[in-house]
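1. Take a look and give me a structure for this.
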Amino acid sequence: MEKVKVTLPDGSVKEYDAGTTVEDAAYSIGSGLGRDAIAGVVDGKEVDASYPIEKDVELSIITIDSDDALDIIRHTTSHVMAQAVKRLYDEVQVAIGPTIEEGFYYDFNLEENFNENSLAEIEAEMEKIIKEDIEIERKELPRKEAIELMEKRNEKYKLELIEELDDEMISLYFQGDYVDLCRGPHLPSTGYIKAFKLLNVAGAYWRGDENNEMLQRIYGTAFASEKDLEKYLHRVEEAKKRDHRKLGKELDLFSMQDEGRGFPFFHPKGMALRNELIDFWKEEHRKAGYEEIKTPIILDESLWHQSGHWDHYQDNMYFTEIDGETHAVKPMNCPGGILVYKDSMHSYRELPIRMAELGLVHRHEMSGALHGLMRVRSFTQDDAHIYCLPTQIEEELSGVIKLVDKIYSAFGFNYNVELSTKPEKAMGDEALWDKATDALRNAVEKNGLDYEVNEGDGAFYGPKIDFHLEDSLGRTWQCGTIQLDFQMPERFDLSYIGQDGDEHRPVMIHRAIYGSIERFIGILIEHFAGAFPTWMAPVQVEIIPVSDDQIDYALKVKEAIKEENIRVEVDSRSEQVGYKIRDAQVKQVPYMLIVGGREEENGTVSVRDRREGDLGTSKLSEFKSKILKEIEDKVINTEDTID
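-> You can find the predicted model right below:
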């Protein structure tokens with residue numbers, strides 16, 4: 001019998017008969033490892049536990065309780081869900097069912113609409129399939145046989161997918177009476193699934209194309225243990241309570257109207273929050289040496305050809321005709337900013353030049369993708385473009401990283417960093433891309449930041465660093481970005497006069513910190529559950545008169561507070577004090593000032609905190625000093641993120 005050598009992660013080498021499976025190898029190492037083994041990694045590729053080892057390989061074992069197992073558990077659970085749906089609905093057509101972050105989904109074509117009762121029935125059928133502990137077997141069939149099998153089973157979507165594959169041998173997974181087109185790997189049997197939950201139903205176009213038929217998408221999730229599932233479901237419920245669309249309406253911050261689908265309407269309280277963010281942004285950029293510019297929303301078609309957006313981004317753009325010529329509504333601010341730079345000649349002595357712009361951009365999004373402030377068709381990017389000498393690149397990148405950290409810290413956010421490299425569809429030569437990527441990597445490492453590499457996810461004109469914020473529920477949001485660009489300066493023939501008197505090419509750095517002001521506000525709403533820190537709260541103080549007799553005093557207190565640019569309102573409704581206090585707490589007003597006859601007589605206020613309750617009586621001057629210090633220091637209490 002031929003022997004094969006298997007190198008394990010610790011460097012040790014074991015010898016087995018050729019054909020030994022990953023599971024057999026796991027058992028040979030230890031019975032506990034064998035019982036927990038669900039898959040393996042052979043020479044860097046994930047494979048099933050039943051995979052036969054036919055040559056010398058490097059092997060690591062994936063156990064049921066490891067992080068690497070989660071994707072496999074969820075993938076298998078999606079197949080179990082599809083099998084359950086097939087058992088319950090004779091006429092259903094199954095489409096695709098991938099794993100996604102924190103779960104999975106499967107798309108189905110069925111005349112009958114799924115609902116909450118349907119999900120309960122499907123879950124019950126899934127439980128039966130799991131109890132049956134059905135073996136899951138991978139088979140590779142010749143292309144013709146795979147097509148015949150799917151034709152026999154009337155699986156039109158699977159047939160379409162097979163037709164697009166170049167493979168002569170097609171990978172299929174057999175699970176009792178269910179067969180699916182899949183590369184795997186999967187759990188050894190359905191009995192390995194311990195904890196799952198179906199979450200909701202949504203509509204989805206086949207292949208994401210709005211010209212195709214609408215399918216029904218069932219979302220679900222699965223974990224290695226019930227404890228992990230319960231923890232996740234608690235977080236989901238908390239996220240529902242924090243949904244920025246719900247809170248945005250309750251707090252009267254913004255609305256979405258049918259007359260402008262995907263275009264947000266900000267209300268006065270929403271504008272108070274928005275302007276606070278903008279004022280903070282402007283002040284920090286002024287300190288960091290940026291000058292603010294503003295460029296037009298609509299620009300001629302020729303500009304977008306020159307920038308490369310016409311070839312690389314046209315499907316996401318809106319167009320209009322002016323004076324018989326095609327113009328584009330800008331999807332990005334950079335081409336306009338470049339024209340500002342080009343409007344005059346620059347010397348090396350001027351560089352770096354840092355131009356910042358709060359620019360309104362428009363991008364086409366399919367209606368099904370729109371989601372409150374998180375996914376819109378128009379938004380304001382807090383862009384900036386830095387034009388610098390090649391010798392200034394790393395210093396400027398470090399400066400941006402420090403500014404990002406300063407701004408995120410003001411909101412109490414932790415973040416992680418991702419370096420994205422050249423995408424498949426890109427412009428420019430390889431040498432410039434390598435140079436730009438190395439510069440970004442060096443800047444991140446010199447600033448002591450841990451980072452992950454996201455291969456192939458850079459912008460079409462350059463690699464980038466993305467900053468992912470972590471909110472109070474542990475979710476991450478991509479917001480800030482830094483992009484190093486050698487391409488645009490070439491395409492627009494940008495130059496500066498060097499020390500030698502000749503023209504030279506500057507390097508361009510694109511960067512945003514909020515990313516989209518609208519989306520950032522949505523994130524803040526959910527992160528703080530609407531209970532914004534005092535410095536950014538739309539209403540910072542609510543004055544509550546005990547009776548109509550104190551309304552005049554309440555108005556005097558309001559004017560005294562308003563003089564300090566504190567956002568203050570008076571609740572003069574003919575309601576009980578307790579009702580007004582509860583209402584102010586629901587509206588997440590940081591401070592309530594209760595004024596009755598005693599307070600009016602003594603020239604004081606009774607202070608209530610939305611979290612701590614009654615803080616006692618205070619002189620108005622003392623309260624003003626306290627709140628002004630809190631606002632100036634941009635204090636963020638940990639309680640602000642707790643619902």
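2. hey, let's count contacts and neighbours off CA atoms from now on
-> OK.
3. mind listing what's buried in the host helix or strand of Lys249?
-> For Lys249, the host element (DSSP states H and E) is helix 244-250. Buried residues in helix 244-250, counting neighbours by 16 or more other CA atoms under 10 Å, are found at His244, Arg245, Lys246, Leu247, Gly248.
4. tell me the mean pLDDT over that helix?
-> Mean pLDDT, computed over helix 244-250, is 95.
5. next one: stretch 37-55
-> Across stretch 37-55, pLDDT averages out at 94.
6. ditto for stretch 15-27
-> Taken as a whole, stretch 15-27 has a mean pLDDT of 93.
7. Can you give me the first-to-last residue distance of that stretch?
-> End-to-end distance of stretch 15-27 (CA to CA, to the nearest Å): 14 Å.
8. May I see the buried residues of it?
-> Buried residues in stretch 15-27 (16+ other CA under 10 Å): Tyr16, Ala18, Gly19, Thr20, Thr21, Val22, Glu23, Asp24, Ala25, Ala26, Tyr27.
9. Kindly report the same for stretch 600-610.
-> For stretch 600-610, by 16+ other CA under 10 Å, it's Glu600, Thr604, Val605, Ser606, Val607, Arg608, Asp609, Arg610.
10. ok, now stretch 79-94?
-> Along stretch 79-94, these residues count as buried under the neighbour rule (16+ other CA under 10 Å): His79, Val80, Met81, Ala82, Gln83, Ala84, Val85, Lys86, Arg87, Val92, Gln93, Val94.
11. Next up, the contacts around the residue nearest to the spatial centre of the chain.
-> Closest to where the C-alpha atoms of the chain average out (CA atoms, centre = their mean) is Trp477, at 3.5 Å. Listed by CA atoms under 8 Å, 6 or more residues apart in numbering, the contact set of Trp477 reads His468, Leu469, Glu470, Asp471, Ile523.
12. do you know how far the fourth one is from Phe411?
-> In this case it means Asp471. For Asp471, the distance to Phe411 (CA to CA) stands at 10 Å.
13. ditto for the second one
-> According to CA to CA, Leu469 and Phe411 sit 10 Å apart.
14. same deal with the last one?
-> When CA to CA is the yardstick, Ile523 and Phe411 sit 11 Å from each other.
15. Next: the first one.
-> When distances are taken as CA to CA, His468 and Phe411 turn out to be 14 Å apart.
16. So which of the contacts of Trp477 are in helices?
-> Ile523 (DSSP state H).
17. Select from the contacts of Trp477 the one having the most neighbours.
-> Ile523 (23 neighbours; other CA atoms under 10 Å).
18. so what's it up against?
-> Counting by CA under 8 Å, 6+ apart, the residues that Ile523 touches are His244, Met374, Asp471, Trp477.
19. Who are the contact partners of the first one?
-> Contact criterion CA under 8 Å, 6+ apart gives Gly372, Leu373, Gly522, Ile523, Ile525, Glu526 as the residues in contact with His244.
20. if I look at it, how far off is Thr604?
-> Relative to Thr604, and taking CA to CA, His244 is found at 37 Å.
21. same thing with the third one?
-> From Asp471 over to Thr604 the distance is 38 Å, taken as CA to CA.
22. ditto for Asn115
-> 57 Å.
23. buried ones in the host helix or strand of Leu628?
-> Here Leu628, judged by DSSP H and E, is contained in helix 620-632. Neighbour-count burial for helix 620-632, counted by 16+ other CA under 10 Å, picks out Leu620, Phe623, Lys624, Ile627, Leu628, Ile631.
24. Just name the closest of those residues to Asp311, please.
-> Of all those, Asp311 sits closest to Ile631, with 47.2 Å by CA to CA.
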